[in-house]
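Participant: Sequence unavailable; structure follows:
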């Protein structure tokens, strides 16, 4: 119950602020409500689609494909691919986080993850048209010409600063869910025949080091099939 | 609804249909996890968006104009970048707003800084970003994006002179 309340803490506080505002100045309250409804409309248009796609990528796209196209070995092609993935998507920056996170977990490099997030937020052809309409084509075009190389540079610089293991803290929860899925399939004898001391360690190795799925002796063919089903469809 | 939103929704529907035809059980499972993650993110986002909505209603547009067109172009650019950092406004509103700011006497460079940080740096969404990527990633990305945005707008100042 308390945990539930904590989740809604911000909404409750903001709700209170709205009520106070309504008492003091009805016009401001109405304007704020108008703003919020407009923002929420934008959110509801985009977020469900983003989460559907993220869920589908999680269960269908094999890790190797992500590593090959967006991993740290993917080079210039990976950067261009990330720029494209980001720029064909729609919506505000927070809509990019779930999708970028699942790509990161599946092996995309940090730099490419940042390129995807930034391109998602900034590089948009329809938005370029709106921008030229309101601020002039030379303004919009110059901004894009500077921003696109800027984003790629941003990816390269952050790749140097950040290391994967530091980020795992943020993605720990997601990783735990994946590990639990693997452990449910493994028999749980902790027999060590796979070369790892426990089923947990083996599950960890499958997830983070792409260990083969045929190592579990007690589980045999059945477990192997289930495990590979989990990751390679 | 703009064209990219419609395309994204169409893509999601098509992908979902194909997935459903290929493997019903797997699709339902993946949608269940998508649903719970959606609810979690949505509760956070709703609170933040309402706060920004209130904030923007209290601060009048004329105030932003005077800040972005102040006596010093450097300070105005910095303010532009800062205002863009703390707010999230959908881009289709940001552009008309920016154009009225420019007409109202704001510096072009300051407006460029405002638009660039508005889209790339998300102060308000930091809690959501931390939840997905951890603290260090979030702070590094936002700090670097802020610095890059300043350089981009200064570059525009030089090129558009």
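Facilitator: The structure has been received and is ready for your questions. Everything numeric here is computed off the predicted structure, so don't read it as measured data.

Participant: Was I right to think residue B:80 contacts residue B:70?
Facilitator: No - if you go by C-beta atoms under 8 Å, residue B:80 and residue B:70 don't touch, sitting 10.2 Å apart. (C-beta placed from N, C-alpha, C; glycine too.)

Participant: Among these two, which residue is more densely surrounded?
Facilitator: The neighbour comparison of residue B:80 against residue B:70 (other C-beta atoms under 10 Å in any protein chain shown) goes to residue B:80, with 31 against 17.

Participant: Run through the residues that contact that one.
Facilitator: Counting by C-beta atoms under 8 Å, 6 or more residues apart in numbering or on different chains, residue B:80 makes contact with B:68, B:106-107, B:109-114, B:117, B:153.

Participant: Include distance to residue B:16 and neighbour count when you put those into TSV, please.
Facilitator: Putting the contacts of residue B:80 into TSV (distance: C-beta to C-beta, whole Å; neighbours: other C-beta atoms under 10 Å in any protein chain shown) gives the following:
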residue	distance to residue B:16	neighbour count
B:68	44	26
B:106	44	23
B:107	47	23
B:109	45	24
B:110	44	28
B:111	40	26
B:112	39	31
B:113	40	31
B:114	38	32
B:117	35	27
B:153	41	27
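
Participant: of all the residues you listed, which comes closest to chain A?
Facilitator: residue B:112 (6.1 Å; C-beta to the nearest C-beta).

Participant: Now the element after the helix or strand where the closest one lies, going C-ward?
Facilitator: Using DSSP states H and E, residue B:112 sits within helix B:108-120. With elements assigned by DSSP H and E, the helix or strand that comes after helix B:108-120 is helix B:126-133.

Participant: what about that next one, near chain A?
Facilitator: Yes - counting by C-beta under 8 Å from any C-beta of the partner chain, chain A has neighbours in helix B:126-133: B:128-133.

Participant: what's the neighbour count on the residue of chain B found nearest chain A?
Facilitator: Sorted by distance to chain A under C-beta to the nearest C-beta, the residues of chain B start with residue B:134, at 2.8 Å. Using other C-beta under 10 Å, residue B:134 has 18 other residues around it.

Participant: now do residue B:149
Facilitator: Neighbour tally, residue B:149, other C-beta under 10 Å: 29.

Participant: Kindly report the same for the one 5 residues further on.
Facilitator: Applying other C-beta under 10 Å, we find 16 other residues in the vicinity of residue B:154.

Participant: Equivalent analysis for the one 4 residues further on, please.
Facilitator: Other residues within reach of residue B:158, judged by other C-beta under 10 Å, total 9.

Participant: For the residue lying closest to residue B:83 once chain neighbours are set aside, list the residues it contacts.
Facilitator: Once flanking residues are discounted, residue B:83 sits nearest to residue B:114: 5.8 Å by C-beta to C-beta, 6 or more residues apart in numbering or on different chains. Going by C-beta under 8 Å, 6+ apart, residue B:114 touches B:68, B:80-81, B:83-84, B:98, B:101.

Participant: Okay, residue B:114 and residue A:141: tell me how far apart.
Facilitator: Counting by C-beta to C-beta, to the nearest Å, the separation of residue B:114 from residue A:141 is 18 Å.

Participant: Just to check, residue A:148 is in contact with residue A:123?
Facilitator: Yes - here residue A:148 reaches residue A:123: they are 6.3 Å apart, a contact under C-beta under 8 Å.

Participant: In space, what's closest to residue A:93 - neighbours in sequence excluded?
Facilitator: residue A:121 (4.1 Å).

Participant: Would you reformat the contacts of residue B:114 as CSV and include pLDDT, secondary structure and distance to residue B:90?
Facilitator: Below are those laid out as CSV (pLDDT from 0 to 100; DSSP: H, G, I helix; E, B strand; the rest coil; distance: C-beta to C-beta, whole Å):
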residue, pLDDT, secondary structure, distance to residue B:90
B:68, 83, helix, 19
B:80, 89, helix, 18
B:81, 91, helix, 19
B:83, 87, helix, 16
B:84, 87, helix, 13
B:98, 85, helix, 13
B:101, 82, helix, 16
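
Participant: who wins for most neighbours among these?
Facilitator: So for these (other C-beta under 10 Å), the most neighbours sit at residue B:80, 31 neighbours.

Participant: Give the helix, strand or coil label for residue A:77.
Facilitator: Look at residue A:77: counting by DSSP: H, G, I helix; E, B strand; the rest coil, its state is helix.

Participant: residue contacts, residue 83?
Facilitator: Since no chain was named, I'll use chain A. By C-beta under 8 Å, 6+ apart, the residues touching residue A:83 are A:115, A:119, A:123, A:148, A:151-152.

Participant: think we crossed wires, I meant chain B
Facilitator: B:64, B:67-68, B:114, B:117 are the contacts of residue B:83 under C-beta under 8 Å, 6+ apart.

Participant: so how far is residue A:194 from the residue nearest to residue A:94 when sequence neighbours are not counted?
Facilitator: Spatial nearest neighbour of residue A:94, excluding adjacent residues (C-beta to C-beta, 6+ apart): residue B:125 at 4.5 Å. Separation of residue B:125 from residue A:194 (C-beta to C-beta) stands at 42 Å.

Participant: Just the buried positions in whatever helix or strand residue A:149 lives in, please.
Facilitator: Using DSSP H and E, residue A:149 falls within helix A:137-161. For helix A:137-161, burial by neighbour count (16 or more other C-beta atoms under 10 Å in any protein chain shown) applies to A:139-140, A:142-144, A:146-148, A:150-152, A:154-155, A:157-159.
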